[in-house]
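In: here is my input; please provide its structure:
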Amino acid sequence: MLFRSRHGRVGALLVVTAGSEAWRQSIVHPIAYAVHPAFTELARLAMARPPGNPDQEWLDALGRAVDAVAGLTAVDGATVITDRYDVLAFGVKIRRKVDGDSVDQLIVTEPVEDSVAERLHPGQLGGTRHLSAAQFVKDQRDALALVASQDGHFTIFAWSPCEDAVHAHRVEVLLL
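Out: Residues are numbered from 1 along each chain as shown. Okay, here's the model as predicted:
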């Protein structure tokens, strides 16, 4: 994750569908740090990416925008960004959707040869940050949650319709 490997920080990033407000059902209100209007610099840079190899000016601008977003993860809580790179909020607290069930198991995989998928209770995967990210994805099935934890784990959570469960991809080995 950019926030852990590049900045040495821990944090959670929730990636939600642009234009959808459904994610708000899984967040504690009021949102203390809603970004209005949305921070769109990453989105603007993504749309303006030069063809071929980007020039240094564009790369520097991208680095500054990533640093700005990464800095938001230093605030306790998660940062919410759309799948089009617009930052909507930071420091958000995740909660179970009113009509949702608690996440009781997940599928865990690692990108390592001979790795076998395991079904685990979310509490076996990590701490509160991991548990709340798994709950968010269970409730918001079109969302992703990326978590970098203080114990060095980096996990990407996504809904698996095939397994009808949250899938936790442990990818810290890719960051070595």
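In: pLDDT wise, what is Val35 at?
Out: At Val35, the model reports a pLDDT of 94.
In: pretty sure it sits in a helix.
Out: No. Read with DSSP: H, G, I helix; E, B strand; the rest coil, Val35 is strand and lies in no helix.
In: burial of the nearest residue to Thr17 once chain neighbours are set aside, as a residue count?
Out: Spatially, and ignoring its direct neighbours in sequence, Thr17 is nearest to Asp142 (5.2 Å; Cβ to Cβ, 6 or more residues apart in numbering). For every residue, glycine as well, the C-beta is placed using N, CA and C. For Asp142, the neighbour count with other Cβ atoms under 10 Å is 14.
In: ditto for Leu131
Out: 19.
In: repeat that for Asp164.
Out: Neighbours of Asp164 (other Cβ under 10 Å): 8.
In: kindly report the same for Glu163.
Out: 13.
In: and if you look at Ala46?
Out: When counting by other Cβ under 10 Å, one arrives at 13 neighbours for Ala46.
In: now swap in the one 3 residues further on and tell me
Out: Counted by other Cβ under 10 Å, the residues lying close to Arg49 total 10.
In: helix or strand for it, just tell me which one.
Out: Using DSSP states H and E, Arg49 falls within no helix or strand.
In: could you measure from it over to Ala38?
Out: Computed as Cβ to Cβ, to the nearest Å, the Arg49 to Ala38 distance reads 19 Å.
In: and Arg64, by the same measure?
Out: Counting by Cβ to Cβ - Arg64 and Ala38 are separated by 17 Å.
In: pull out the buried positions in the lengthiest helix in the chain.
Out: In the chain, taking DSSP state H as the definition, the longest helix is helix 56-72. The neighbour-count check on helix 56-72 (16 or more other Cβ atoms under 10 Å) flags 61-62, 65-66, 69-70, 72 as buried.
In: how about low-confidence regions in this structure?
Out: 1-9, 172-176 (pLDDT under 70).
In: 80 instead, please
Out: 1-10, 73-74, 126, 149-153, 172-176 (pLDDT under 80).
In: strands along that one, start to end?
Out: For the chain, the strands defined by DSSP state E cover 11-16, 33-39, 78-82, 87-92, 106-109, 118-120, 144-148, 154-160, 165-170.
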